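>>> need a structure here:
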Amino acid sequence: MVSIPNSTLHDSSRPYDRTLIETQQLNLIYGSQQILRDINLVIPRGQTLAIIGESGCGKTMLLKSIVNLIKPTSGKVLYDGRDIHALNNVEMTKLRRKFGFVFQNAALFDSMTIGENVAFPLVQQGLDLTRNTEKMVIERLNEVGLPESVIPKRPSQLSGGMRKRVGLARALILEPELVLYDEPTTGLDPIMSDVINELILRTRQKYPVTSIVVTHDMRTAKKVADRIIMLYPFPRLEPNESQIIYDGPPSGLEYIEDKRVRQFVEGEAGERLMELRRWSDADLTPSQFPQDSLRQF
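Model (predicted):
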């Protein structure tokens, strides 16, 4: 793994006073397949971390493990010093009030209006709904560039980019201290993707949030993140090799020597094409290819 000293991980104008999230020897196994291996990660308060890597490398699984949507096979996740997997249901429900989720496809409820969707976390957490609720909904929608007129509409009446922005407004309704973005620009054109990127930056400027962004989009990672980590699929790792093969600022990607990182960042198929040729030459499908032999690629 390439690691950059902490002093260069972020803009010195953005102070990081203490650790918010720490994973210790995090492992996740599904059936006989290992997804995550010995993930050790420290995320300071106020930092925006982008997690990149090819499909199937465990990005989303790591995100879900961090907020206890999936329980790891072994290891710990500490949130502000507390082991979240040791919390009971009441304690975990209370903690989740501090989380905001922006899902890949917005994940809005089709049967609800936009206003009801944005206010949903208030209902889910059992908070009292008062006349201030509508004011809060309007404020959050305005923050993401949407007018009050969308409140009575249904998600099907909005464009993909507008639905993404509604998802962000919903994530911010409880003013969380941790916001998690799962592929926030997937399916959007370049201009709307940049709008979403700008909103992520604006959210960080307005609120004292820590953010984790899972993305394939290198433009998003480079623009919004203070720090980037790259995960590599477990079956392709050398024995005892860290699954985090890059950990550093976006600028460090320009000088990276690891060809796996460079090929991903530059969008080059590289050894994947060689792998396909070998499967073809051997007359094997990927599912038939010996799993242990994947380590050589």
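>>> From what I see, residue 164 and residue 197 are in contact.
No. Counting by CB atoms under 8 Å, residue 164 sits too far from residue 197 to count as a contact (11.2 Å). Bear in mind the C-beta positions are built from the backbone N, C-alpha and C, glycine included.
>>> Please say which of these two ends up with more neighbours.
Legend: neighbour count by other CB atoms under 10 Å for residue 164 and residue 197, higher for residue 164 (29 against 21).
>>> Now the more buried one: which helix or strand?
Secondary-structure assignment from DSSP states H and E places residue 164 in helix 160-172.
>>> Heading C-terminal from that helix, find the next helix or strand.
Using DSSP H and E, the next helix or strand after helix 160-172 towards the C-terminus is strand 178-182.
>>> ok, back up a step: residues in contact with the helix holding residue 164?
100-103, 106-108, 114, 117-118, 120-121, 137, 140-141, 143-146, 150, 155, 158, 179, 184-185, 187-189, 192, 195-196, 199, 203, 207 (CB atoms under 8 Å, 6 or more residues apart in numbering).
>>> residues of it that come out buried?
For helix 160-172, a neighbour-count test (16 or more other CB atoms under 10 Å) marks 161, 162, 163, 164, 165, 166, 167, 168, 169, 170, 171, 172 as buried.
>>> Out of those residues, the closest to residue 73 would be?
Residue 73 lies nearest to residue 171 out of the buried residues of helix 160-172, by CB to CB, at 28.5 Å.
>>> okay, that closest one: pLDDT?
What the model reports for residue 171 is a pLDDT of 92.
>>> what do you get for residue 281?
Residue 281 is assigned 57 on the pLDDT scale.
>>> likewise residue 86?
90.
>>> Which parts of the stretch 1-150 of the chain are helices?
With DSSP state H, counting those that start in this stretch, the ranges of helices along the stretch 1-150 of the chain come out as 59-66, 89-96, 114-124, 132-143.
>>> Kindly confirm my reading that residue 212 is in a strand.
Yes. Applying DSSP: H, G, I helix; E, B strand; the rest coil, one finds residue 212 inside a strand.
>>> State the number of residues packed around it.
As a burial measure, residue 212 scores 23 neighbours (other CB under 10 Å).
>>> ok, it to residue 100 distance?
11 Å (CB to CB, to the nearest Å).
>>> Pull up the overlap in contacts between these two.
If you check residue 212 and residue 100 against CB under 8 Å, 6+ apart, the residues they both contact are 178, 179, 180.
>>> Look up how far residue 105 lies from the first one.
The reference is to residue 178. In this view, residue 178 and residue 105 are 21 Å apart by CB to CB.
>>> The two: which is more packed in?
Regarding residue 178 and residue 105, a neighbour count based on other CB under 10 Å identifies residue 178 as having more, with 22 against 13.
>>> residues near residue 258, how many?
14.
>>> pLDDT value on it, please?
Note on residue 258: pLDDT of 90.
>>> unless I'm mixing things up, it is touching residue 245, no?
Yes. The pair residue 258 / residue 245 is scored as a contact, 6.0 Å apart, by CB under 8 Å.
>>> my read is residue 203 is in a helix, agree?
Yes. Under three-state DSSP, residue 203 sits within a helix.
>>> Near it, how many other residues are there?
22.
>>> follow-up on the earlier one: which residues are in contact with each of residue 164 and residue 197?
Any residue near both residue 164 and residue 197 by CB under 8 Å, 6+ apart counts here, and that gives residue 185.
>>> Stretch 215-235: how far from the chain's middle?
Computed by CA atoms, centre = their mean, to the nearest Å, the chain-centroid distance of stretch 215-235 equals 9 Å.
>>> Can you tell me what sits against the helix or strand where residue 195 lies?
Element membership for residue 195 (DSSP H and E) is helix 190-206. The contact list for helix 190-206 (CB under 8 Å, 6+ apart) reads 48, 143-145, 160-161, 164-165, 168, 172, 179, 181, 184-185, 188, 209, 211, 213, 217, 219-220, 223-224.
>>> how is the protein carved up into domains?
The record's domain parsing of the chain by automatic domain parsing lists 1-98+178-189+207-257, 267-297.
>>> and the helix holding residue 195, which residues are buried?
Residues of helix 190-206 classed as buried: 192, 193, 195, 196, 197, 199, 200, 203, 204 (neighbour count, 16+ other CB under 10 Å).
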